[in-house]
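Undergrad: Sequence and predicted structure below; questions after.
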Number of protein chains: 2
Amino acid sequence: MKNFSKRIITMGASPIRKLTPYAEEAKSNGKKIYHLNIGQPDIVTPEGFMKAIKNFDEKILAYSYSEGMPTLIAAMIDYYEKYNLFFEKDEILITNGGSEALSFALQAVADPLDEVIVPEPFYSNYAGFSTIAGIKTIPLVTKAEDGFHIPPKENIEKLITSRTKAILLSNPGNPTGVVYTKEEVRLLADVAKEHGLFIISDEVYREFVYDDLEFTSFCDMKDICEQVILVDSVSKRFSACGARIGAILSKNKALIAQILKLCQGRLCCPTLEQIGATELYHVETDYFEKVLCEYQKRRNAVYEGLIKIPGVFCQKPKGAFYVIAKLPVQDAEEFVIWLLKDFDLNNETVMFAPGQGFYTTKGMGKDEVRIAHILKEEDLKRAMEILKIALEKYPNKK
Amino acid sequence: MKNFSKRIITMGASPIRKLTPYAEEAKSNGKKIYHLNIGQPDIVTPEGFMKAIKNFDEKILAYSYSEGMPTLIAAMIDYYEKYNLFFEKDEILITNGGSEALSFALQAVADPLDEVIVPEPFYSNYAGFSTIAGIKTIPLVTKAEDGFHIPPKENIEKLITSRTKAILLSNPGNPTGVVYTKEEVRLLADVAKEHGLFIISDEVYREFVYDDLEFTSFCDMKDICEQVILVDSVSKRFSACGARIGAILSKNKALIAQILKLCQGRLCCPTLEQIGATELYHVETDYFEKVLCEYQKRRNAVYEGLIKIPGVFCQKPKGAFYVIAKLPVQDAEEFVIWLLKDFDLNNETVMFAPGQGFYTTKGMGKDEVRIAHILKEEDLKRAMEILKIALEKYPNKK
């Protein structure tokens, strides 16, 4: 029998999901797990979502439009207008989550063996989607001690080759919690401009920016707007991860017209979920404020818990709902498995995503974990206590 | 600015959907269109689907399992057992429609520049998915006058090179309506066995086989079961196209484990749609019989209408709900556009999918259309009348 494809063999398992079997095992033994490994918030999904779906009364669940339902696209246009970003309906495509938006954006700008520069550490599926598409991710090293901010221009430019097609990044950052300053966004825009690169900007966490910092979208850089591909999703913004509704937005209409062919290939996104998602964009205006306030409390709870633990290093994250923490362990993945298999505190334990999966540079992230601050404040405080005691008891410390 | 990728430029627009703007224009002028261009049936979706979704009362719409919901997988296992096909839960992955199942299957067995043999004419998105994945589709010519049956073994074997990884086909056939005999399935299985190829078998129309013909699944070929990747979907079977729920099934557990990485990359399929789809598999047992009977009447209506039209050639299709018809026109795409723009019969017209999009061999299908018999019998009869009169009036006949 022929071999499986090289690309699928090469693709790594999700660092966020691959330890799930250990978690299932622990749970079946009655252990309670604080799941800080995955960005699944416990914030209630706005009621409008299910209400709209429950009102659906067509007798046939028919295909939707390949480009997405006009009502949903209109609702997105309204949302962005509040931020002075103006899109027209032929500049938006609805996708199966931000995931499909990312895959489509990559496939649209890069061919096999082409290169995409990605600030590292990065959302692990960026590597996965690239590997499957035959595209090389070229890591741009950013450091915990710099708060994962963008290094000087020459560091970026020395990575550019004739095969470089795009810069791919998330802002606010997953897994780092970094929020790029206006100057950084401008710097990257300048690089894109000078070298003709696309910027694939994953801004799914744009509502989650703490400490009253200003958020700058790459779409604010009007001089390169045709080079910017925005990736969006309702998953985190509206705590509707299971809806799998995302979007690609770009002022480059010709590019959108090309990506529409990909949308036509998979026919359409689910009809009901689009009906529900449309209502998400009609939430009352104070919704984002309330949610932001809640997440900021949570960020604080995790950060303050972490800095009290001897040997742990982290910077205070400014956005999204993740923090990268360096732990005083030899191998963070082994530690996470140990937390699930061999440790409990009154029958409770905690789960993180091992850091290595967010790097492609060999050896990086081995003593790091990504912690998602997506549970209630008291749960997060408890989880940090559990981590503290677990680290005291863990045998394979650094 | 850098060019868009070669793969996206090369990808063709969907022949099924690309003429939609003409249809929208016609409708906005008040014209009624019989849509026989797309496999969107008018059969009512089983009520259980919406009932189950309306009963959903979780406060948070959370991520589902990457591999799919256990209840849905269990329901699929039960479904296949009725056909003596036995799958275990780690042999099934739920996907975003049959579309994603096809993409994943191709990506899992073939790398860029690898080849996949596809009986032609074929579902146009096979070419699209392959192009995007960098895979070459090698057409295996099948002919209308042979009822689109598989040619002799040597015709297949002469297409095999060191880069051939799989045979990809739909059975029952879209767009041909062919149902491969047990001998043909065995022949293809033998080729796969002797050359170590995978068979990606798209059997989404397996319930739609007419004239009491027997259906043979590639999964019935036990000796090559590890080489078979089954692609499935609820879209047509349960008239739930908008649900976007499909599946990959294979007895090759190692392959399923590899494809699970792709599933983890896009996180999960929509939660609600999986809950609904589970109920689809619990429909009363006579559901398929009733639907089959209805589609057989429709097939007859279209076939009998077509053979009465001078200059039209088609074979009686045996399965799925499509027929390829040769029309006495120079260019079928131009004819379809003319039907939408310039023709009406009492303000009604009809829409088909131009045949060329189902071929990669140059020049093939130019005078053909794919007709989907997915409307009520009386509508189909009316549509065939409209076609007859349209052909009488059409200026650019052969």
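TA: Perfect, thanks for sending it.

Undergrad: looking at it, A:Cys263 is touching A:Ser66, isn't it?
TA: Yes - the pair A:Cys263 / A:Ser66 is scored as a contact, 4.4 Å apart, by C-beta atoms under 8 Å. (Each C-beta comes from the backbone N, C-alpha and C, glycine too.)

Undergrad: of the two, who's got more company?
TA: Taking other C-beta atoms under 10 Å in any protein chain shown, A:Cys263 and A:Ser66 do not tie; A:Cys263 has more neighbours (24 against 21).

Undergrad: Now for the residue most central in space within chain A: which residues touch it?
TA: Central residue of chain A (C-alpha atoms, centre = their mean): A:Asn174, 4.9 Å from the mean position. The contact partners of A:Asn174, taken as C-beta atoms under 8 Å, 6 or more residues apart in numbering or on different chains, are A:39, A:122-123, A:202, A:205, A:320, A:322.

Undergrad: Distance across stretch A:133-147, terminal residue to terminal residue?
TA: 31 Å (C-alpha to C-alpha, to the nearest Å).

Undergrad: Can you mark which positions in it are buried?
TA: Burial within stretch A:133-147, assessed by neighbour count using 16 or more other C-beta atoms under 10 Å in any protein chain shown, is assigned to A:133-140, A:142, A:144, A:147.

Undergrad: do the same with stretch A:161-169
TA: So stretch A:161-169, judged by 16+ other C-beta under 10 Å, has buried residues A:164-169.

Undergrad: just checking, which of those belong to strands?
TA: A:164-169 (DSSP state E).

Undergrad: can I get the residues you listed in a markdown table with distance to chain B?
TA: As requested, these are exported to a markdown table (distance: C-beta to the nearest C-beta, whole Å):
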| residue | distance to chain B |
| --- | --- |
| A:Thr164 | 8 |
| A:Lys165 | 5 |
| A:Ala166 | 8 |
| A:Ile167 | 11 |
| A:Leu168 | 14 |
| A:Leu169 | 17 |
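
Undergrad: Out of the contacts of A:Asn174, which comes closest to chain B?
TA: Using C-beta to the nearest C-beta, A:Gly39 comes nearest to chain B of those, at 8.8 Å.

Undergrad: Mean confidence (pLDDT) on stretch A:209-221, please.
TA: Averaged across stretch A:209-221, pLDDT comes to 97.

Undergrad: can I get the CA coordinates of that stretch in CSV?
TA: Only the C-alpha atoms of stretch A:209-221 are listed here, as CSV (Å, rounded to 0.1, in the frame of the first residue of the first chain):
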residue,chain,number,x,y,z
VAL,A,209,-7.4,44.4,25.2
TYR,A,210,-6.7,45.3,28.8
ASP,A,211,-5.5,48.3,30.9
ASP,A,212,-7.3,50.7,28.5
LEU,A,213,-4.6,50.2,25.8
GLU,A,214,-5.5,51.3,22.3
PHE,A,215,-6.0,48.5,19.7
THR,A,216,-4.6,49.1,16.2
SER,A,217,-5.9,47.0,13.4
PHE,A,218,-3.8,46.3,10.3
CYS,A,219,-6.9,47.6,8.5
ASP,A,220,-6.2,51.0,10.0
MET,A,221,-3.1,51.2,7.8
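
Undergrad: Tell me who's in contact with the residue nearest to A:Lys89 when sequence neighbours are not counted.
TA: Spatial nearest neighbour of A:Lys89, chain neighbours left out: A:Ile73 (5.3 Å); criterion: C-beta to C-beta, 6 or more residues apart in numbering or on different chains. Contacts of A:Ile73 were listed using C-beta under 8 Å, 6+ apart, and they are A:67, A:89, A:92, A:94.

Undergrad: switch to 7 Å and redo it
TA: With contacts defined as C-beta atoms under 7 Å, 6 or more residues apart in numbering or on different chains, A:Ile73 is in contact with A:89, A:92, A:94.

Undergrad: now swap in A:Ile8 and tell me
TA: Neighbours of A:Ile8 in contact, by C-beta under 7 Å, 6+ apart: B:107-108, B:258, B:261.

Undergrad: Chain A next: which of these are close?
TA: By C-beta under 7 Å from any C-beta of the partner chain, the members of the contacts of A:Ile8 lying near chain A are B:107-108, B:258, B:261.

Undergrad: Among those residues, which lie within helices?
TA: If you go by DSSP state H, the ones next to chain A among the contacts of A:Ile8 have B:107-108, B:258, B:261 in helices.

Undergrad: Among these, pick out the one closest to B:Thr285, please.
TA: Distance to B:Thr285 across those (C-beta to C-beta) is lowest for B:Ala108, with 34.1 Å.

Undergrad: Thought A:Lys6 was touching the closest one, still the case?
TA: No - using C-beta atoms under 7 Å, B:Ala108 is not in contact with A:Lys6, being 10.9 Å away.

Undergrad: what about these two, which has more around it?
TA: B:Ala108 (28 against 14).

Undergrad: Contacts only, for that one.
TA: A:4-5, A:8, B:255, B:258-259.

Undergrad: coming back round to it: only the buried residues of the helix or strand containing the residue nearest to A:Lys89, if you could.
TA: A:Ile73 is located in helix A:70-81, with elements delineated by DSSP states H and E. Buried residues in helix A:70-81, counted by 16+ other C-beta under 10 Å: A:72-73, A:75-77, A:79-80.

Undergrad: Can you lay out those as CSV showing pLDDT?
TA: Shown next, in CSV, are the buried residues of helix A:70-81 (pLDDT from 0 to 100):
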residue, pLDDT
A:Leu72, 98
A:Ile73, 98
A:Ala75, 97
A:Met76, 98
A:Ile77, 98
A:Tyr79, 96
A:Tyr80, 97
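
Undergrad: can you tell me which of those lies nearest to chain B?
TA: Using C-beta to the nearest C-beta, those come closest to chain B at A:Leu72, 13.5 Å.

Undergrad: so the closest one sits right up against A:Thr278, yeah?
TA: Yes - applying C-beta under 7 Å as the test, A:Leu72 and A:Thr278 come out as touching, 4.5 Å apart.

Undergrad: Could you tell me whether the residue nearest to the centre of chain A really is in a strand?
TA: No - under DSSP: H, G, I helix; E, B strand; the rest coil, A:Asn174 sits outside any strand and is assigned coil.

Undergrad: separation between it and A:Phe321?
TA: Applying C-beta to C-beta, to the nearest Å, the value for A:Asn174 to A:Phe321 is 9 Å.

Undergrad: May I have the distance across stretch A:264-275, first residue to last?
TA: For stretch A:264-275, the first-to-last residue distance is 19 Å (C-alpha to C-alpha).

Undergrad: what residues does it touch?
TA: Contact with stretch A:264-275 is made by A:52-53, A:56, A:61-66, A:68-69, A:72, A:94-96, A:243-245, B:13-14, B:17, B:53, B:96-97, B:99-100, B:125, B:128-129, B:242-244, B:270, B:272-273, as judged by C-beta under 7 Å, 6+ apart.

Undergrad: Show me how to select, in ChimeraX, the buried members of those residues.
TA: Buried residues among those (16+ other C-beta under 10 Å), as a ChimeraX selection:
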select /A:52,53,61,62,63,64,65,66,68,69,72,94,95,96,243,244,245 /B:13,14,17,53,96,97,99,100,125,128,129,242,243,244,270,272,273
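
Undergrad: Only C-alpha atoms, please: export stretch A:337-351 in PDB.
TA: Taking Å, rounded to 0.1, in the frame of the first residue of the first chain, the C-alpha atoms of stretch A:337-351 are listed here in PDB:
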ATOM      1  CA  ILE A 337       0.800  14.700  31.800                       C
ATOM      2  CA  TRP A 338       1.900  14.200  35.400                       C
ATOM      3  CA  LEU A 339      -0.700  16.800  36.500                       C
ATOM      4  CA  LEU A 340      -3.400  14.700  34.800                       C
ATOM      5  CA  LYS A 341      -2.200  11.200  35.700                       C
ATOM      6  CA  ASP A 342      -0.300  11.400  38.900                       C
ATOM      7  CA  PHE A 343      -1.400  14.500  40.800                       C
ATOM      8  CA  ASP A 344      -4.400  15.800  42.500                       C
ATOM      9  CA  LEU A 345      -5.300  18.200  45.300                       C
ATOM     10  CA  ASN A 346      -8.400  17.100  47.000                       C
ATOM     11  CA  ASN A 347      -9.200  15.300  43.700                       C
ATOM     12  CA  GLU A 348      -8.700  18.400  41.600                       C
ATOM     13  CA  THR A 349      -6.100  19.200  39.100                       C
ATOM     14  CA  VAL A 350      -5.300  21.700  36.300                       C
ATOM     15  CA  MET A 351      -4.500  21.400  32.600                       C
END
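
Undergrad: Understood, closing this out.
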